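> Kindly return the folded structure for what I paste below:
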Amino acid sequence: MSFNLVVCGGTFDHFHKGHKEFLRCVFSVGKKIIVGITSDEYVKKSNIPTSLKLRGVSKNQISKIEPFEKRRQEVLAFIKVERVYEKTEIVEINDLFGPTLDKNLAIDAIVVSDNTKKGAEIINERRRKLGLKALNLFVIPRVLAEDGQLISSSRIRNGEIDREGKAYIKKEWFDKNLKLTENLREEFKKPFGDLLMDISSLSKDKNNLVITVGDITTKIFNEKSLGQNMSVIDFKVARKKKFSNISELGFNGQEKVFKVDNPPGHITSSLFKKLSGIFKSEVRGKVILYINGEEDLTVLPLILLSPLNTIIYYGQSGKGVVKVVVSEESKARAYDLMSQFKVSSRACFRIQFY
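Model (predicted):
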């Protein structure tokens, strides 16, 4: 069935596989298409859910929806790839209704996903009150990711999946202990981000989740009151015991401290479970993860588990501090490296709390 003019709308943030399938359905039922994209102002008014609940972290820190123009360009590029540019118009919308109440537009149908059907029903109710004909309604089921859950922009922003629905974490990483292979050691000498020779000019970041890895880096952040949300420490510097308690690193003792065993050259299933639990649970104030063993490789699971735009600082021995802005690219690199670790034959390690 084909209609003369069909409308649809959405935020289209971090344009993904689900968006593509949705728009393909829209293109298939309309001779002319109007695609409404929510404005930046409309987005700000919306309630953006998140799975990350670290207390003291604002919604802006974990819900970075892309600006309107970037979202528009992503949709436009897809329209061109699908060769429907001539029949499709993109409009900016500032409310639920967009162009659907325009009496000068002979709109025939509206296409929505199964979670926005209610909005279409509200639109039709308003149209009836205005003496306009109710729109034919097409409801498109949403697309599932490889883990069986829905692909959504919020899950992409939260760092759980990529735009094709691929999970950044393998289930086996929660069950098996992994060991760094010799051929990967050189790879870990390369910075995962920008190498900062001098961090004296760093200022407190109120807009992003900030994590420090390493005792010296953490100590410097505390001395400068840079307000990191999480710190990963092991009381060692260059693998030698240096500190005995968190107060020596500048903490005031009010922090929530977790402890987990993780031997040198390993990433344990316990480490993955503990970090995952921290990100998913409600934790008030600052968080410290004390590694009984070695924290050097913790950067990898942190990148994989953190929301996009999280900033991780870690020390690069003898060189400076590396600043990693968690992105889709850095997650892909971390995933590739983790996939090359070997399963360790060592026994499981015990998590402790204090």
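> just the helices in the stretch 201-350 of the chain please.
Under the criterion DSSP state H, counting those that start in this stretch, the stretch 201-350 of the chain contains helices at 215-223, 269-280, 299-305, 328-339.
> any idea of the pLDDT on the residue nearest to S330 when sequence neighbours are not counted?
For S330, ignoring the flanking residues on the chain, the nearest one in space by CB to CB, 6 or more residues apart in numbering is I303 at 5.5 Å. (Glycine included, C-beta is placed from N, CA and C.) Model confidence at I303, given as pLDDT, is 97.
> separation between I303 and I169?
Relative to I169, I303 is positioned 11 Å away (criterion: CB to CB, to the nearest Å).
> Would you check that I267 makes contact with P301?
Yes: proximity of I267 to P301 meets the contact threshold set by CB atoms under 8 Å, at 6.1 Å.
> for this protein, which spans come out with low pLDDT?
When residues are selected by pLDDT under 70, those of the chain lie in 47-63, 282-284, 345-354.
> where does the residue of it most remote from its centre land in three-state SS?
Taking CA atoms, centre = their mean as the measure, the residue most remote from the mean C-alpha position of the chain is G131, 43.8 Å away. With DSSP: H, G, I helix; E, B strand; the rest coil as the basis, G131 sits in coil.
> dump the residue contacts of it.
If a contact means CB atoms under 8 Å, 6 or more residues apart in numbering, then G131 has no contacts.
> next one: V232
Contacts for V232 were tallied using CB under 8 Å, 6+ apart; they are 211-214, 218, 288-289, 291, 295, 298, 302.
> Now, these that are in strands?
Counting by DSSP state E, those place 211-213, 288-289, 291 in strands.
> For F235, see how far away D13 is.
41 Å.
> One more: V7?
Looking at V7 against F235, where the rule is CB to CB, the gap reads 60 Å.
> So between these two, which is more surrounded?
V7 (29 against 18; other CB atoms under 10 Å).
> any chance of the helices of the stretch 201-350 of the chain in a markdown table, with distance to L180 and mean neighbour count too?
As requested, these are arranged in a markdown table below (distance: least, CB to CB, whole Å; neighbours: other CB atoms under 10 Å):
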| stretch | distance to L180 | mean neighbour count |
| --- | --- | --- |
| helix 215-223 | 21 | 20 |
| helix 269-280 | 13 | 19 |
| helix 299-305 | 10 | 24 |
| helix 328-339 | 9 | 16 |
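> a markdown table please, covering those helices and showing distance to T100.
What follows is the helices of the stretch 201-350 of the chain, written out as a markdown table (distance: least, CB to CB, whole Å):
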| stretch | distance to T100 |
| --- | --- |
| helix 215-223 | 50 |
| helix 269-280 | 38 |
| helix 299-305 | 40 |
| helix 328-339 | 33 |
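> Ok, which of those helices comes nearest N183?
Each of these has some distance to N183 by CB to CB; the shortest is helix 328-339, at 11.1 Å.
> elements contacting the closest one?
Helix 328-339 sits against helix 299-305, with contacts defined as 3 or more CB pairs under 8 Å, 6 or more residues apart in numbering; DSSP states H and E.
> got a list of what the nearest residue to I233 once chain neighbours are set aside touches?
Beyond its immediate neighbours in the sequence, the residue positioned closest to I233 (CB to CB, 6+ apart) is D215, lying 5.0 Å away. By CB under 8 Å, 6+ apart, the residues touching D215 are 233-237, 242-243, 249.
> again, but for E295
By CB under 8 Å, 6+ apart, the contact list for E295 reads 213-214, 232-234, 262.
> hang on, K117 packs against L137?
Yes: here K117 reaches L137: they are 7.5 Å apart, a contact under CB under 8 Å.
> what about the strands in the stretch 101-250 of the chain?
Assigned by DSSP state E, counting those that start in this stretch, the stretch 101-250 of the chain shows strands spanning 109-113, 136-140, 178-179, 194-196, 210-213, 230-233, 236-237, 240-241.
> returning to that earlier point: and the buried ones among the contacts of E295, selectable in ChimeraX?
In ChimeraX, this line selects whichever of these come out buried by 16 or more other CB atoms under 10 Å:
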select :213,214,232,233,234,262
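> Out of the contacts of E295, flag the one nearest to F279.
Ranked by distance to F279 (CB to CB), the contacts of E295 are led by V232 at 13.0 Å.
> Now render the strands of the stretch 101-250 of the chain as CSV, adding distance to G148.
Rendered in CSV, the data for these read as follows (distance: least, CB to CB, whole Å):
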stretch, distance to G148
strand 109-113, 18
strand 136-140, 19
strand 178-179, 24
strand 194-196, 37
strand 210-213, 29
strand 230-233, 29
strand 236-237, 41
strand 240-241, 45
